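Asks: sequence and predicted structure below; questions after.
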Amino acid sequence: MEGISHEACSFAGTQRLGKLIAICDDNGISIDGDVSGWFTEDIAMRFRAYGWHVVPGVDGHHPEAIHVALDDARRCIDRPSLVCCRTLIGWGAPNKQGDASAHGAPLGADEVALTRNRIDWPFAPFEIPDDVRSAWDARPTGAAAERKWRSTFDRYQRAHPELAAELLRRTDEILPSDWTSVVGSLVAESDARAASVATRKSSQQALESSAGSLPELVGGSADLTGSNLTRWSYSQPNQKRTEQQCDAVARGAYVLRDCGAPPDVVVIATGSEVSLAVEGAELAASRGIHVRVVSMPSSDCFDRQDAAYPESVLPSRIRARLAIEAGVSDWWRKNVGLDGLVVGVDRFGESAPAADLFVHFGFTPDAVAEAIASLAGAPSTQGPFFDREESRCH
């Protein structure tokens, strides 16, 4: 019934995904009770409209009926299939079957005992009868299918070694041999441009630089291709540049700007806020403050590194830390600690061109420099930045 499933199912029908089989368990009950008063659509007709093959009216409590329906669905290879099963929720529970109380709550020991007796189930909890286990044990069938597939693939590999190697690379999730140079080239060109680029534009540049080396890459945007810049032109950048940058990015965070001395303050940012962090650091440096700027494209990857690497990037002895996030600030608390600050926005409602909003909320080099100075204990040059209602520095 959830809305997002409608779009996914419509897409599957349009793409004629003949290997897709879905089973609809229609028991007429939700957590809130009987759905007949508010859910009256004809599910089978809706899926037919999507372009699906529909097997209606299946008794969901009859294994043989389900088996026949699934065979019907498998025979349809040019469309996805929906098997519509009618079931009674809590079937076999004498006091709760057909009732919403069987939807999300346990039956309880007494009702379980009554149900066991009613459906003639003498087996102990979690015991699987031998005939059921045997019927569901697909290991021999699967092993035979795998042997057949491997034999076929061996012949394919001998006939087409390069294509077979490429297939294995993709299925084993191994990056191409030129991946380091591709990413390095993108980073180098971005550094050379030193431009302020919207995040979605940076995303497009990353996608376009990757597409030629990753044929398995699939992307898109639901009705927002132009806005999100997910349409690729496949322009390929010049592939050169260093492995060090690629390794740093892969580790989730790295020192983008250092200060040649023990830092007074560490500034952390990601995405479009990185350039703001660098500009603010340069202004603070002109006032004699030693500032390190850390770019953190992936905090998840950074958190997975061995202890030595995070310590080298964010030394634990440096507690004066500033994070910049043009959004909710709470995410950065684990990185700045109790003595640090986050320049962020924790409210909604303002609407204006991005440049105007950045000024309004204090996302400017001058404001960042003031935040750095505050952490370093330096005197302010522009007044009480932290008292401004528009800014969100915490």
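Replies: Structure's in. What do you need? Numbers count the residues shown, from 1 in each chain.
Asks: every contact and neighbour count from this point should use C-alpha atoms.
Replies: Will do.
Asks: show me the shaky parts of the stretch 1-150 of the chain.
Replies: 1-2 (pLDDT under 70).
Asks: and the helices in it?
Replies: All helices of the stretch 1-150 of the chain, identified by DSSP state H, counting those that start in this stretch, fall at 3-14, 43-50, 63-75, 101-104, 109-118, 130-136, 139-159.
Asks: reformat these as CSV; add distance to Ser36 and mean neighbour count.
Replies: Output for those, formatted as CSV (distance: least, Cα to Cα, whole Å; neighbours: other Cα atoms under 10 Å):
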stretch, distance to Ser36, mean neighbour count
helix 3-14, 18, 14
helix 43-50, 13, 16
helix 63-75, 25, 15
helix 101-104, 16, 16
helix 109-118, 26, 14
helix 130-136, 35, 9
helix 139-159, 42, 11
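Asks: for these, which one sits closest to Ser329?
Replies: helix 3-14 (29.1 Å; Cα to Cα).
Asks: what about the closest one, distance to the chain center?
Replies: Offset of helix 3-14 from its chain centre (Cα atoms, centre = their mean, to the nearest Å): 19 Å.
Asks: do stretch 5-23 as well
Replies: With Cα atoms, centre = their mean, you get 21 Å for stretch 5-23.
Asks: could you dump that stretch to PDB, C-alpha only?
Replies: As requested, the backbone C-alpha atoms of stretch 5-23 are provided in PDB (Å, rounded to 0.1, in the frame of the first residue of the first chain):
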ATOM      1  CA  SER A   5       6.100   0.800  -4.200                       C
ATOM      2  CA  HIS A   6       3.700   2.200  -6.900                       C
ATOM      3  CA  GLU A   7       6.600   3.900  -8.700                       C
ATOM      4  CA  ALA A   8       8.900   0.900  -8.400                       C
ATOM      5  CA  CYS A   9       6.300  -1.500  -9.700                       C
ATOM      6  CA  SER A  10       5.400   0.900 -12.600                       C
ATOM      7  CA  PHE A  11       9.100   1.000 -13.500                       C
ATOM      8  CA  ALA A  12       9.300  -2.800 -13.400                       C
ATOM      9  CA  GLY A  13       6.400  -3.100 -15.700                       C
ATOM     10  CA  THR A  14       7.800  -0.600 -18.200                       C
ATOM     11  CA  GLN A  15      11.100  -2.400 -18.200                       C
ATOM     12  CA  ARG A  16       9.300  -5.700 -18.700                       C
ATOM     13  CA  LEU A  17      11.300  -7.500 -15.900                       C
ATOM     14  CA  GLY A  18      10.100 -11.000 -16.700                       C
ATOM     15  CA  LYS A  19      12.200 -12.700 -13.900                       C
ATOM     16  CA  LEU A  20      10.500 -10.700 -11.200                       C
ATOM     17  CA  ILE A  21       7.700 -12.400  -9.300                       C
ATOM     18  CA  ALA A  22       6.000 -10.700  -6.400                       C
ATOM     19  CA  ILE A  23       3.400 -12.300  -4.000                       C
END
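Asks: ok, residues contacting it?
Replies: 47, 50-52, 73-74, 76-85 (Cα atoms under 8 Å, 6 or more residues apart in numbering).
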